[in-house]
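A.B. asks: model this:
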Amino acid sequence: MKLSLRVASIPLFALLVSVSLPAQAQAVLTYKGADRQAVLEEGARKEGQVVLYSAAIVNQALRPIATAFMKKYPFIKMSFWRGDTEEINAKLSAETRANNIVADVVEGTGIGELAVESGLTQPYYTPLVEEFPPQYRDPRGQWTSTRVSYFGMAWNTKLVADADVPKSYEDLLDPKWKGKIAWRIGTSSGTPLFITNLRLAWGEEKARAYLEKLAQQKLINFGSGSARTLVDRVIAGEFPIALNIFAHHPLISKAKGAPVGSRLLDPAPSTAGTMVLPKVVQHPHAALLLVDFILSKEGQEILSKAEYFPARPDVAPLDILAPIVPSRAGVPENFVSSENLNKYTESSNAIFQELFR
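C.D. replies: Numbers count the residues shown, from 1 in each chain. Modelled structure (predicted):
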């Protein structure tokens, strides 16, 4: 496919007329000129559309983002596809192998480094990255952070008395919890993250010794649904306690009257949802406008209203969710970057297979 850009409007790209789409996309995606916004809007008007793959909830986040984005840029039609991180990575991998990449922007917890290490992405630039904390930035420019997730413990308040609620990882070793604790398997943010968190925070020797003791508790391997599903099972009374769930899910249900509690354990693992651009971007100008919008205060406020934790420090989470922000709860946070999550997942899963299968 050939694409011509008007030299008068974009002098930087004069030499790119008549070159292939991938080369042009790369040039656009890393452009830092003062006229960047004008360049993107002009190009997006010609492209007319943009496609997002995301792990965010459709009704709460994706539809509101699409509505607000298309209101701001009425000349762009935004569509989206929702899947779990593993599903998104598999879909993007298949499209790349078939040389038929549909997605322009890809977002989800753990997707960043997973896609980067698989060679499915390319670098891009957005000035909004400067408004995010250093730990939420990638110096290579391969991903940007969109939202933060904190992981903790959920328990059924009808099955677990207030005085008995575990307050630490050590408390989980109490014999009375044998066979009564469930955790999520089959996803990098489940058992591998739980194990990786302790390895990074405590060191290999201490973490291994603890995990060997935890294995004696005969944990229930839950692999038939999402983290939200596991919390729902706790609420239903199927499991008294669940580990490494998204710590805000129980708070949302508790506010609606459900018999469930949420607690962070020290150290509390956190991860960031990240946003990447595929190896080939069919609508590069519109893609960058969408990236900028999701990272903007307006986009981050939509994520906040959708019951997520915005990565921008100047956008607060909902009041009902604030209690499980580690800095507010007084619990040390152990941020597990996308790079470390990907780096340690295989070896942490091997430990799981050895001790907990």
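A.B. asks: May I have the beta-bridge partners of the nearest residue to Ile181 once chain neighbours are set aside?
C.D. replies: By the measure of Cβ to Cβ, 6 or more residues apart in numbering, the closest residue to Ile181 outside its immediate chain neighbours is Ile241, 4.7 Å from it. In this view, the C-beta of every residue, glycine as well, is placed from N, C-alpha and C. For Ile241, the beta-bridge partners under DSSP bridges are Trp155, Ile181.
A.B. asks: Look at Ile241 and say how many residues are nearby.
C.D. replies: One way to gauge burial is a neighbour count; for Ile241, by other Cβ atoms under 10 Å, it gives 22.
A.B. asks: ok, now Gly203?
C.D. replies: Other residues near Gly203 come to 10 when the count uses other Cβ under 10 Å.
A.B. asks: so who does it touch?
C.D. replies: Residues near Gly203 by Cβ atoms under 8 Å, 6 or more residues apart in numbering: none.
A.B. asks: do the same with Ala154
C.D. replies: Under the criterion of Cβ under 8 Å, 6+ apart, the neighbours of Ala154 are Leu230, Val231, Val234, Ile241, Ala242, Ile245, Ala247, His249, Pro250, Val260, Gly261, Ser262.
A.B. asks: Give me the domain ranges for this protein.
C.D. replies: Following automatic domain parsing, the chain resolves into domains at 11-148+272-310, 150-269+325-356.
A.B. asks: closest to Leu193 among the contacts of Ala154?
C.D. replies: When the contacts of Ala154 are compared for distance to Leu193 (Cβ to Cβ), Ile245 comes out closest, at 11.0 Å.
A.B. asks: What strand or helix carries the residue lying closest to His249 once chain neighbours are set aside?
C.D. replies: Ranked by Cβ to Cβ, 6+ apart and with sequence neighbours excluded, the top spatial neighbour of His249 is Val231, at 4.5 Å. In this structure, Val231 is located in helix 227-235 according to DSSP states H and E.
A.B. asks: Could you point out the longest helix of this protein?
C.D. replies: Among the elements of type helix in the chain, defined by DSSP state H, the one spanning the most residues is helix 338-356.
A.B. asks: Output the contacts of Ala154 as TSV; include the columns distance to Ala201.
C.D. replies: TSV is the format used below for the contacts of Ala154 (distance: Cβ to Cβ, whole Å):
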residue	distance to Ala201
Leu230	23
Val231	24
Val234	25
Ile241	21
Ala242	20
Ile245	19
Ala247	17
His249	23
Pro250	23
Val260	26
Gly261	23
Ser262	20
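A.B. asks: Just the strands from this structure, written as ranges.
C.D. replies: Under the criterion DSSP state E, strands of the chain are mapped to 49-54, 77-82, 105-109, 121-122, 144-156, 181-184, 220-222, 241-246, 260-263, 268-278, 309-310, 333-335.
A.B. asks: can you give me the helices in the stretch 51-200 of the chain?
C.D. replies: Listed from the start of the chain, the stretch 51-200 of the chain has helices (DSSP state H, counting those that start in this stretch) covering 63-72, 85-97, 111-117, 191-202.
A.B. asks: which stretch in those helices has the least confidence?
C.D. replies: For the helices of the stretch 51-200 of the chain, the weakest mean pLDDT is recorded on helix 111-117, namely a mean of 80.
A.B. asks: If you count contacts, what does that helix end up packed against?
C.D. replies: Contact here means 3 or more Cβ pairs under 8 Å, 6 or more residues apart in numbering; DSSP states H and E; on that basis helix 111-117 packs against helix 85-97, strand 268-278, helix 338-356.
A.B. asks: JSON lines please, covering those and showing mean neighbour count and distance to Ser327.
C.D. replies: Putting these into JSON lines (neighbours: other Cβ atoms under 10 Å; distance: least, Cβ to Cβ, whole Å) gives the following:
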{"stretch": "helix 85-97", "mean neighbour count": "17", "distance to Ser327": "26"}
{"stretch": "strand 268-278", "mean neighbour count": "26", "distance to Ser327": "10"}
{"stretch": "helix 338-356", "mean neighbour count": "18", "distance to Ser327": "20"}
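A.B. asks: and of those, who's closest to Arg199?
C.D. replies: Proximity to Arg199 (Cβ to Cβ) singles out helix 338-356 among these, at 6.6 Å.
A.B. asks: got the contact list for the closest one?
C.D. replies: Contacts with helix 338-356, where a contact means Cβ under 8 Å, 6+ apart, come from 110-114, 116-117, 138, 143, 185, 188-189, 191-193, 195-196, 199-200, 208, 211-212, 214-215, 219, 221, 271-272, 274.
A.B. asks: what does stretch 119-132 give?
C.D. replies: Looking at what lies outside stretch 119-132 - Cβ under 8 Å, 6+ apart - the contacts are 25-26, 29-32, 36, 89, 92-93, 96, 106, 115, 137, 140-145, 276-279, 281, 288, 291-292, 295-296, 311-314.
A.B. asks: Now with 7 Å, please.
C.D. replies: Residues lying outside stretch 119-132 but in contact with it, judged by Cβ atoms under 7 Å, 6 or more residues apart in numbering, are 26, 29-32, 92-93, 96, 115, 137, 140-142, 144-145, 276-279, 288, 291-292, 295-296, 311-312.
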